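Participant: Have a look at this prediction, sequence included:
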Amino acid sequence: MLPLVFIFLHVFSEDGYRLWLRYAPVENAVLLQKYQNQVKNIVLKADTPSLKAAKTELETALLKMLGIRPVFTETVEGRNNLVIELPDDFDVIKNNTGAQELQVIGNEGFILRQIKNENFIIVANSHVGLLYGVFRFLQILQQEQPLPELNVVDAPKTQVRILNHWDNLDRTVERGYAGFSLWDWFRLPDVIHPRYIDYARANASVGINGTAITNVNANAQILTPVYLEKVKALADAFRPYGLKVYLTARFSAPMELDNLPTADPHDKQVQDWWNRKVEEIYSYIPDFGGFLVKADSEGQPGPHNYNRTQAEGANMLADAVAPFGGIVMWRAFVYDQHMPEDRTKQAYNEFKPLDGKFRDNVIVQVKNGPLDFQPREPFHPLFGGMEKTNLMMEFQITQEYLGFSTHLVFLAPLYEECLQFDTHAKGKGSTVAKTIDGSLYGQKLTGMAGVSNIGTDRNWTGHPFGQANWYAFGRLAWNPYLGSREIANEWIKMTFTKNHDFVRPVKKMMLDSRETCVNYMTPLGLHHIMAAGHHHGPGPWVEGRRPDWTAIYYHRASADSIGFNRSSSGSNAIGQYHQPVAELFDNSKSCPEEFLLWFHRVPWDYRVKSGNTLWDEMAYRYNQGVNDVRTMQQTWNSLKDFVDNERFRYVESLLGIQEKEAVWWRNSCLLYFQTFSNMPIPDAIEQPDKTLEYYMGIRELYMPGHH
Ligand code: GCU
């Protein structure tokens, strides 16, 4: 007879909608009984929207996981109570927490603790903190961890933990590969889809507390009353979950919406316009978070149009939102095609001289690397370069340059690599993480943004494993010091199963997947060699157009060498880093090989550390990437019995696409670069079965995310 769980998996399919909040039945019988006892009585006064949300979550989760309906009371009696309250409300809490820890957890943190008589407490200084505590408690149950001696004191290390949706008002999503925008503008404000609530729940469950709901390539219409009504409806739906709404502000909005002759930040009329507009926004949304701004970049208007600095532009908006407690996230992604300077140097050149000139409620939002969300980049030199400015991290969760929503690429290792890089800004140990959480320079305002990969696809992110990237972003925004392994572990257990025989291989597959992607796309520091426009698939031959949007600008391949010389003998981008990082990158011998062609121009017959010539090494790495995708396929195929049919088949098909595309990447890049190196593709690797002309002739139309 087939085991029950086997039948269950194959008969009942899952569509991925429930994310990591599936609340699967607890399997360990001993634990199940203990948990059931433990949560029978819950002391919780659900008299605010956030606490009501906490109660509903507990009811749903405990019924599904433990098969019980707990009793909610307002008094602690006897043993086995789960007490969820603010510190002042109960003696049992006062007696079991110290003033100092309550200070440590701040406004959003929480304490989970076992106390006398097998009672448990979840304590926080705010209702949202309690909700976060409840989610964490449920995560512990979901992972089937034993409760005795539970003692968690946790608080977020950054303040603004925010998703950036590049969603347009017509519901297309720039660089979105999971369907259309979640925001149903047409039916808002009247229709509040349950999905908005599930979105807020998922965010709260990992501590994400903000959402910028509109594209950075902004549309001024969002600031008009018709849309503000709709934004208000979303903000109202999200509020119980501690999720604040932010909007992107188009710098030229005063001209576009009210025909002002200028948008000059020094113009009194312009300032007044923004002041009035902000007042109006707050009349709809009293806890509006503030603005996210892309200015003077890729065609967006900005202070440059009036010969003003980025600080002058940002400060004008900051002054408008300051009386209401709002902030301005001002993006550092500023570069100009007419500038002869190496594109990767431009943001630093622009912002570094402005250090200390931004208002306290401005936070400069810096992409993880100096170019644009490549599979691998060195960290952005503004981290550790701005001592007197609030800086926040911008990671991309959507996989614009990493295979869209068809490639399985777990991004936590990419995030972790960046966060753990030592900038040496204040000596050894000055990691990027410390430059954004306020611990290095004592910045008052801190944060992390993630460009969302979420859309209307039933499973939210297109690829079931794309959910892990949303999850990982949230966890790292909360605590930038967490490790990828730990994050993967949590996610797999909650999203699939706790069975070790599944968790172990899947974790390995996830942890290796980013390096695999780097290998089949851009090994050895290659970058920006994706197809033009939509960025899907290889395009190392892309030329023409504006040079900083071509591939040849970046790889500079010729008959003798390849790579961008950013060393002191080249563009000197290394000069933007502190010592000894600058020196490390400057010398091709000491430069980590994964950044070799990012910083150096290297002859094809240059010997890399393995002893291979650069050309052979490149070929081996491309091939390794393909082989590793095949290994991923084998791993997944061996796990069929642990996964429901629907998710199993879907991931299996997507891995099939990933394998085909990895081959496409390897073959086209090797054939193309071979026209420069004139060296044979080593016999040991699979030879391309198509010509370069074939690959160069591929034209993909109507790609998602590109409009
Ligand atoms: C990339 C991306 C654009 C996006 C831009 C940004 O260049 O391709 O679609 O608008 O980043 O971050 O502003």
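Facilitator: It's in. Residues are numbered from 1 along each chain as shown.
Participant: sec struct for the residue lying closest to R161 once chain neighbours are set aside, please.
Facilitator: Leaving aside its sequence neighbours, R161 sits nearest to A477 (CB to CB, 6 or more residues apart in numbering; 3.7 Å). All C-beta atoms are positioned from the backbone trio N, CA, C, and that covers glycine. Secondary structure of A477, reduced to three states by DSSP: H, G, I helix; E, B strand; the rest coil: helix.
Participant: Neighbours of A477, how many?
Facilitator: A477 is flanked by 30 other residues according to other CB atoms under 10 Å.
Participant: Name all residues that make contact with the closest residue to K690 other than its chain neighbours.
Facilitator: Spatial nearest neighbour of K690, excluding adjacent residues (CB to CB, 6+ apart): N667 at 6.4 Å. Contact analysis of N667 by CB atoms under 8 Å, 6 or more residues apart in numbering lists P688, D689, K690, Y695.
Participant: Then L408?
Facilitator: Shown in contact with L408 (CB under 8 Å, 6+ apart): H463, F465, M509, M510, S513, M632, V651, L654, L655, Q658.
Participant: Am I right that the last one falls within a strand?
Facilitator: No: applying three-state DSSP, one finds Q658 to be helix, outside a strand.
Participant: Quick check: which element contains the residue nearest to K690?
Facilitator: Here N667 sits within helix 645-677, counting by DSSP states H and E.
Participant: can you check W598 too?
Facilitator: In this structure, W598 sits in helix 596-599 according to DSSP H and E.
Participant: Tell me the first helix or strand C-terminal of that helix.
Facilitator: strand 602-603.
Participant: what's that following strand in contact with?
Facilitator: D560, S561, I562, G563, S588, L596, L614.
Participant: repeat for stretch 498-508
Facilitator: Applying CB under 8 Å, 6+ apart, the set of residues contacting stretch 498-508 from outside is 27, 143-144, 485, 488-489, 492-493, 496-497, 635, 638-639, 642-643.
Participant: Do I have it right that G207 meets A477?
Facilitator: Yes: using CB atoms under 8 Å, G207 is in contact with A477, at 7.0 Å.
Participant: Quickly list what's touching both of those two.
Facilitator: The overlap between the contact sets of G207 and A477 (CB under 8 Å, 6+ apart) consists of P156, R161.
Participant: show me the contacts for the residue of the stretch 401-550 of the chain found nearest the ligand.
Facilitator: Closest to the ligand within the stretch 401-550 of the chain is H535: 6.6 Å, counting by CB to the nearest ligand atom. By CB under 8 Å, 6+ apart, H535 lies in contact with E400, Y401, H706.
Participant: measure the residue nearest to the first one when sequence neighbours are not counted to F373 for me?
Facilitator: Nearest in space to E400, with sequence neighbours left out and distances taken as CB to CB, 6+ apart, is R175 at 4.4 Å. When CB to CB, to the nearest Å is applied, the distance between R175 and F373 equals 9 Å.
Participant: how about low-confidence regions in the stretch 351-500 of the chain?
Facilitator: Scanning the stretch 351-500 of the chain for pLDDT under 70 picks out nothing.
Participant: just the helices in it please.
Facilitator: Taking DSSP state H, counting those that start in this stretch to define them, one finds helices in the stretch 351-500 of the chain at 412-419, 432-436, 466-478, 484-495, 500-521.
Participant: sorry, back to before: give me the subset of the contacts of N667 lying in strands.
Facilitator: In strands, judged by DSSP state E, none of those are found.
Participant: Going by distance to the ligand, which of those wins?
Facilitator: Distance to the ligand, by CB to the nearest ligand atom, is smallest for Y695 among the contacts of N667, at 22.3 Å.
Participant: tally of neighbours for that closest one?
Facilitator: 21.
Participant: pretty sure W183 contacts N215?
Facilitator: No: counting by CB under 8 Å, W183 does not reach N215; the two are 11.1 Å apart.
Participant: okay, and the common contacts of these two?
Facilitator: Shared contacts of W183 and N215 (CB under 8 Å, 6+ apart): H165, D167.
Participant: At the contact with the ligand, which residues of the chain appear?
Facilitator: Residues of the chain lying near the ligand by CB under 6 Å from any ligand atom: E174, R175, V216, N217, K294, E298, F333, D372, E400.
Participant: again, only this time at 5 Å
Facilitator: The chain has residues E174, V216, F333, D372 near the ligand, with proximity defined as CB under 5 Å from any ligand atom.
Participant: For the residues you listed, pick the one with the most neighbours.
Facilitator: With neighbours taken as other CB under 10 Å, the top of the residues of the chain next to the ligand is V216, carrying 25 neighbours.
Participant: contacting residues for that residue?
Facilitator: V216 is in contact with N164, W166, T248, L292, V293, K294, Q300, R331, counting by CB under 8 Å, 6+ apart.
Participant: Please apply the same query to W636.
Facilitator: Shown in contact with W636 (CB under 8 Å, 6+ apart): M509, F648, V651, E652, L655.
Participant: could you redo the last one with a cut-off of 7 Å?
Facilitator: V651, E652, L655 (CB atoms under 7 Å, 6 or more residues apart in numbering).
Participant: For the second one, report the pLDDT, please.
Facilitator: Which is E652. E652 carries a pLDDT score of 98 in this model.
Participant: burial measure for it, as a count.
Facilitator: Applying other CB under 10 Å, we find 14 residues neighbouring E652.
Participant: now do the first one
Facilitator: Using other CB under 10 Å, V651 is surrounded by 21 other residues.
Participant: returning to that earlier point: ranking by neighbours, what's the top pick from the contacts of L408?
Facilitator: H463 leads the contacts of L408 on contacts (other CB under 10 Å) with 29 neighbours.
Participant: Spatially nearest residue to it (excluding sequence neighbours)?
Facilitator: S405 (4.6 Å).
Participant: which residues sit in contact with that neighbour?
Facilitator: Taking CB under 7 Å, 6+ apart as the contact definition, S405 lies against Y177, A178, Q399, N453, T461, G462, H463, G466.
Participant: Would you agree the second one is in contact with H463?
Facilitator: Looking back up the chat, that one is A178. No: using CB atoms under 7 Å, A178 makes no contact with H463, being 8.2 Å away.
Participant: pLDDT wise, what is the residue of the stretch 551-700 of the chain found nearest the ligand at?
Facilitator: Closest residue of the stretch 551-700 of the chain to the ligand, CB to the nearest ligand atom: Y554 (13.5 Å). Listed pLDDT for Y554 reads 98.
Participant: CA atoms of the helix or strand where it lies as PDB?
Facilitator: According to DSSP H and E, Y554 maps onto helix 552-555. Listed next in PDB are the C-alpha coordinates belonging to helix 552-555 (Å, rounded to 0.1, in the frame of the first residue of the first chain):
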ATOM      1  CA  ILE A 552      30.900  46.000 -26.100                       C
ATOM      2  CA  TYR A 553      31.300  49.100 -23.800                       C
ATOM      3  CA  TYR A 554      31.700  46.700 -20.900                       C
ATOM      4  CA  HIS A 555      33.600  43.700 -22.200                       C
END
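Participant: on contacts alone, who are the packing partners of that helix?
Facilitator: In terms of contacts (3 or more CB pairs under 7 Å, 6 or more residues apart in numbering; DSSP states H and E), helix 552-555 is packed against no helix or strand at all.
Participant: Show me what secondary structure element comes after that helix.
Facilitator: With elements assigned by DSSP H and E, the helix or strand that comes after helix 552-555 is strand 561-562.
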